[in-house]
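# how would this look folded up:
(2 chains)
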Amino acid sequence: AQTVTQSQPEMSVQEAETVTLSCTYDTSESDYYLFWYKQPPSRQMILVIRQEAYKQQNATENRFSVNFQKAAKSFSLKISDSQLGDAAMYFCAYRSPTSGTYKYIFGTGTRLKVLA
Amino acid sequence: AAGVIQSPRHLIKEKRETATLKCYPIPRHDTVYWYQQGPGQDPQFLISFYEKMQSDKGSIPDRFSAQQFSDYHSELNMSSLELGDSALYFCASSSSRGSGRARYEQYFGPGTRLTVT
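The predicted model follows:
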């Protein structure tokens, strides 16, 4: 069974600085999808960025980018120029490509604090 | 753009009561997923439906049941509620059509916060 691990329960970053959130996963599949979700105090799940495993190029969305290391099964999120609005829980998620099992498996989350 | 709609947004029940949560997927989405997020925890997959048939099952208690109707909306029925059922319940929807990353990508609703007292 697939597992997702986020080893940093909490991280802090100074406003305008850069922070990296870590995520590792375990799977025997070769093709899958990885996601980072942001959950602010409203608790809405907001998609930050996605990565298809078959793509070698790291995904980028404005200030958010990932470092995808398939062999190491690592999927870290880098937030550049951190803003106060980035403060939230961040969940890493895995989705299998296997037909009928498209559920997301989430890590335990990392709480990001942004210091003014 | 239309999003996933969940109702009610907040629900307070007493122990041993029954609760029904509703989910209205994005138009033309054919798959619905239910997740439970306890306090301070990550979302846990409960169950999913594709074209009104159960497609996958996670750690859903036997006291819970769910179904997807002909208009693709879904309902999660929870009976004999326990204090431990207090959580945020997310519904997500996806489409099996199309190609690439749009296919099967899940869109989350705002959640229903259930409090059992």
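
# Check which residues of the helix or strand bottoming out on mean pLDDT in chain B are buried.
Lowest on mean pLDDT, DSSP states H and E among the helices and strands of chain B sits strand B:53-57, with a mean of 92. Within strand B:53-57, the residues that qualify as buried are B:Ser55, B:Asp56, counting by 16 or more other CB atoms under 10 Å in any protein chain shown. Heads up, the C-betas are built off the backbone N, CA and C, glycines and all.

# after that strand comes which helix or strand?
strand B:64-68 (DSSP states H and E).

# between the least confident helix or strand of chain B and strand B:64-68, how many degrees?
Orientation check (axes from the mean of the first three to the mean of the last three CA atoms, to 10 degrees): strand B:53-57 against strand B:64-68 gives 140 degrees.

# Identify the residue nearest the residue nearest the centre of chain B in space, chain neighbours excluded?
By CA atoms, centre = their mean, chain B has its centre lying nearest to B:Trp34, at 2.9 Å. In space, and not counting its chain neighbours, B:Trp34 is closest to B:Leu46: 4.3 Å by CB to CB, 6 or more residues apart in numbering or on different chains.

# The one you found is in what secondary structure piece?
With DSSP H and E as the test, B:Leu46 turns up in strand B:44-50.

# A:Thr20 now?
Assigned by DSSP H and E, A:Thr20 belongs to strand A:19-21.

# Mind listing what's buried along that strand?
Buried, per 16+ other CB under 10 Å, within strand A:19-21: A:Val19, A:Leu21.

# And the next helix or strand past that strand?
strand A:24-26.

# mean confidence for that next one?
For strand A:24-26, the mean pLDDT works out to 97.

# near chain B at all, the following helix or strand past that strand?
On the C-terminal side of strand A:24-26, the nearest following helix or strand under DSSP H and E is strand A:33-39. Yes. Using CB under 8 Å from any CB of the partner chain, strand A:33-39 comes into contact with chain B via A:Tyr33.

# same deal with stretch A:59-76?
No. Using CB under 8 Å from any CB, stretch A:59-76 stays clear of chain B, coming no nearer than 10.1 Å.

# thinking B:Asn77 is in contact with B:Phe64, fair?
Yes. B:Asn77 is in contact with B:Phe64 according to CB atoms under 8 Å; the separation is 6.8 Å.

# still on that earlier bit, any idea how far A:Gln6 is from the residue nearest to B:Trp34?
Using CB to CB, to the nearest Å, B:Leu46 is found at 21 Å from A:Gln6.

# Which one of the two is surrounded by more residues?
Taking other CB atoms under 10 Å in any protein chain shown, B:Leu46 and A:Gln6 do not tie; B:Leu46 has more neighbours (22 against 19).

# mind listing what the more buried one touches?
The neighbours of B:Leu46, taking CB atoms under 8 Å, 6 or more residues apart in numbering or on different chains as the test, are B:Trp34, B:Tyr35, B:Gln36, B:Lys57, B:Gly58, B:Ser59, B:Ile60, B:Phe64, B:Ala66, B:Leu76.
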